[in-house]
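Novice: Just to be clear, the model below is a prediction. Sequence and coordinates:
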Amino acid sequence: MADYYNHSPKDLAAQYDAISSDEVHKPWLSLLDSLKPKLALDVGAGSGRDARWLADKGWDVIAVEPSELREQGIANSKGYAIEWLADSMPELFKVRSIGYRFDLILLSAVWQHVKPNVRDRAFRILSELLNPGGVIVFLLRQGSDKDENAARQFHEVSPEELDQYAKDRALNKLLWTQTQDVQRSHVTWGYLAYQSPDDGSGGLSLLRHIIINDDKTATYKLGLLRVLSRIAESYPGAVIKRDDVSVTIPLGLVGLLWLKQYKLLILQHQLPQLAKANPGFAKRAFNALMDFADPELRLGAVLAPERAKILEQALIDACRAIHKNPAHYTTFPGTNRAVFDTRCATPTRIKTALMVNLEYLSRFGEVRIPAGIWQTLGQYACWLEPAIVHEWQQLMARWDYSVRDHGPSLANAFRWEDSVRFTGQVRARVNELRKRGDVIACTWTGKRSKELDIDHAFPWARWPNNDLWNLLPCSSNINAQKSDRLPSQVAMHRASSRIIEWWGSAYCSSSLEQQFNEEALVSLPGLSRDALTLESVYEAMLHQRAKIKHDQQLAEWGPR
């Protein structure tokens, strides 16, 4: 199949583009028009004809194409709200690694290429990518000749097969119709559409049960959920393994965020976390963290040997506590089966300076999370966080009535490190570059400006992140115009060369380069340490932008 579509891609693109999408998709147009344009996935997007058609109708589109036709599609879709991925069925590994969920998935003349022995798995993966109420549409080609089967690797398809897969995944059937191919008498086209009635995994109801209904003698279950939700939303690059049913993240990263949240609650605000005792992980090393500043407890931090020993012992104690308590006792309702499967390990003791990165944090063990739960944790993090914090505060107040007297200080007790906007590091770098004679222009417009602000590209008020890649020099008036809105895809594309140029001049071959790399690897999706370039960071930034937009329904700034 790949050989066929890689041969003469320009000619194939011209052939596909000669037929309008309105004509090809006429049988299901009324269904499409009834949907509110949000985020669509075009699987097997080919030349991008249908992706451009959907973008013209107001959809943001992720176009997936494994063959060289993708390059033609990219060239033909400049200026459209389309992001391209080299990915393929059945795994759709890159799509899943970014954490997307879609309101529309289109497979136009694609299903006949999927081998029958992997179709069940392919359909399951597709269904888990649907948002609540999301629709998946199949355009089935039925009928082929021997030459086509040999050249393009066609397999027989049937609506009955898809109906059974949909029934197994609890999807509702919306449409089935057939048309005759205009030019080929031996070919007919079938149109099938299914809809997801809920979040596909039961994740929201399970998480609500854990937050609200589960018995709790400590805040540990809430603490674990809060940390996992934070990681799923803000650190998509933290996934170290992924398969069809689960994702795996470093237990050490869970332990690091666990320490940060309890450091505030216990050491700084003296708030009760158990009904009758002190937390088992709050030992000498944890207490010593009182002298650690926030930057020492973040990814990319470099610690001297003595400081590193303290943090390592605190992480060991925290990871053991997570493994033995909340991970063990957070179970699926009516069973003893743990929702979060942990493997705890003790790393080799360090004797030198330490960089806190994913490689180091992986030495403490792993946490396996059901794939559907992971997606729900990330997608609904902005709703889960206040629900968890509210229940947490109520739980503490039941143990100690004086908690209710803390008032506004309770909000400070639950803040994350990035809940404080910080641009000083980047502002200092701008000043350094200006002193040596460099001209710093506004990233969004390219114009020189005496009055430069440091802009959070993805608005801090909606997605708190002070990473170096997210902080861009920006003229004061543009920064005021942009405010707390997300840059549009077109605005990002227009500024792409300036964003990459800024990163290169500000961070490459400087003392900040390692920090830039470590932050990007964990907070952006799909990056690899072995193939990390500024261009790959920018591509990952585009995908994170699209995910944030549709997870939080953010308003956009700039041309569309």
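Specialist: Noted; the coordinates are in hand.

Novice: What ranges does the stretch 451-560 of the chain have for its strands?
Specialist: Using DSSP state E, counting those that start in this stretch, the strands of the stretch 451-560 of the chain run over residues 452-456, 471-475, 486-487, 556-557.

Novice: Of all the ones you listed, which one comes closest to R284?
Specialist: Among the strands of the stretch 451-560 of the chain, strand 471-475 comes nearest to R284, with 36.8 Å by Cβ to Cβ. Just so you know, the C-beta spots here come from the backbone N, C-alpha and C atoms, and that holds for glycine as well.

Novice: For burial, what's the neighbour tally of the closest residue to E513 other than its chain neighbours?
Specialist: Counting by Cβ to Cβ, 6 or more residues apart in numbering, Y507 is the residue found nearest to E513 once chain neighbours are left out, at 5.1 Å. A count of neighbours around Y507, defined by other Cβ atoms under 10 Å, yields 21.

Novice: Was I right to think Y507 contacts F516?
Specialist: Yes - with contact defined as Cβ atoms under 8 Å, Y507 reaches F516; the gap is 4.3 Å.

Novice: intersection of neighbour lists for those two?
Specialist: Listed contacts common to Y507 and F516 are L468; contacts here mean Cβ atoms under 8 Å, 6 or more residues apart in numbering.

Novice: For P386, see how far away A441 is.
Specialist: Counting by Cβ to Cβ, to the nearest Å, the gap from A441 to P386 is 39 Å.

Novice: neighbour-wise, which of the two wins?
Specialist: Remark: of A441 and P386, A441 carries more neighbours, 17 against 10, as counted by other Cβ under 10 Å.

Novice: Dihedrals phi and psi, that one?
Specialist: Dihedral pair for A441: phi -100, psi 160, per degrees, to the nearest 10.

Novice: okay if I get the strands of the stretch 451-560 of the chain as TSV plus distance to V430?
Specialist: Formatted as TSV, the strands of the stretch 451-560 of the chain follow (distance: least, Cβ to Cβ, whole Å):
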stretch	distance to V430
strand 452-456	6
strand 471-475	6
strand 486-487	20
strand 556-557	22
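
Novice: Now tabulate those strands in CSV and tack on mean neighbour count.
Specialist: Converted to CSV, the strands of the stretch 451-560 of the chain look like this (neighbours: other Cβ atoms under 10 Å):
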stretch, mean neighbour count
strand 452-456, 21
strand 471-475, 23
strand 486-487, 23
strand 556-557, 18
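
Novice: Nearest to N465, out of those?
Specialist: Closest to N465 of the strands of the stretch 451-560 of the chain is strand 452-456 (Cβ to Cβ; 7.1 Å).

Novice: how near is the residue nearest the centre of the chain to V490?
Specialist: Among the residues of the chain, the one closest to the centroid is G99, at 3.8 Å (Cα atoms, centre = their mean). Taking Cβ to Cβ as the measure, G99 falls 23 Å from V490.

Novice: cool, and E519?
Specialist: As for E519, its distance to V490 is 26 Å (criterion: Cβ to Cβ).

Novice: what's V403 in contact with, if anything?
Specialist: By Cβ under 8 Å, 6+ apart, the neighbours of V403 are 271-272, 393, 396-397, 410.

Novice: L104 too?
Specialist: By Cβ under 8 Å, 6+ apart, the neighbours of L104 are 32, 35, 38-41, 54, 59, 134-137.
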